[in-house]
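Engineer: Below is the structure, and that's it, no one-letter string:
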């Protein structure tokens, strides 16, 4: 069974979600306070986290930041906010996806399954999971989810790592924002989401790509990972 940690202080909602997910082969561990989430995470070691934003003890965005600092576990946030800027901020904190309240259990289940498929593709052969992508001084070690640059590990958020991997796997091909979002999160670009642009900017800074030669902007089309520019 998939181990899921649900961080939610609404007892009625947490019971509803836990009961529904338990009936769909999830082992659900409920945490009611934000300031207990990190210690309970280390004790339970879940495969995926569902996290509310409004929590006693510690807000959900800070819990998300703390979890992402120690793990690449998929994090899905429950939010009552329907604001694109808030949603972009969640992704910047390290969340992988979000579901708006009121929560529809079937929608939540579908998003969780999609998130888990992207984390470890069910159809990927074992050889793929140990594969190494190499471009000059850049290496992406898929089995460890580690990216090195000139032999040194580069700390990346979960979103940054996924974006880097998607770009590298399509090296030499222009990918639109829509294509990138679909590959990373299974959603379409709505014309307002700036998370891809923000993450590209952060990746360029981390890999000294100040002129945009390694990750190129192709105006009106999208972004291109240049396989020959990583020496």
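Structural biologist: Yep, that arrived. Bear in mind that the values here come from a model prediction, so they are computed numbers and not experimental data.
Engineer: could you say what helices and strands the host helix or strand of residue 68 packs with?
Structural biologist: When secondary structure is defined using DSSP states H and E, the element that contains residue 68 is helix 60-70. Counting contacts by 3 or more Cβ pairs under 8 Å, 6 or more residues apart in numbering; DSSP states H and E, the secondary-structure elements packed against helix 60-70 are helix 37-44, strand 48-52, strand 75-79, helix 84-93. Where C-beta positions appear, they are placed from N, C-alpha and C, glycine not excepted.
Engineer: Any idea how far it is from the middle of the chain?
Structural biologist: 12 Å (Cα atoms, centre = their mean, to the nearest Å).
Engineer: before we move on, back to that, of all the helices and strands packed on helix 60-70, which one is nearest residue 177?
Structural biologist: The minimum distance between residue 177 and the helices and strands packed on helix 60-70 falls on helix 84-93, with 12.8 Å, by Cβ to Cβ.
Engineer: Quick one: the helices in this protein, in order.
Structural biologist: In chain order, the chain shows helices spanning 11-22, 37-44, 60-70, 84-93, 105-119, 126-129, 158-169, 177-185, 195-206, with DSSP state H as the criterion.
Engineer: Pop out the phi and psi values for the spatially most central residue of the chain.
Structural biologist: For the chain, the residue whose C-alpha lies nearest the mean C-alpha position (Cα atoms, centre = their mean) is residue 96; its distance is 3.1 Å. Main-chain torsions, residue 96, degrees, to the nearest 10: phi -100, psi -30.
Engineer: Just give the closest residue to it, not the sequence neighbours.
Structural biologist: residue 74 (4.9 Å; Cβ to Cβ, 6 or more residues apart in numbering).
Engineer: Count the residues that sit near that neighbour.
Structural biologist: Other residues lying near residue 74 total 22 when counted by other Cβ atoms under 10 Å.
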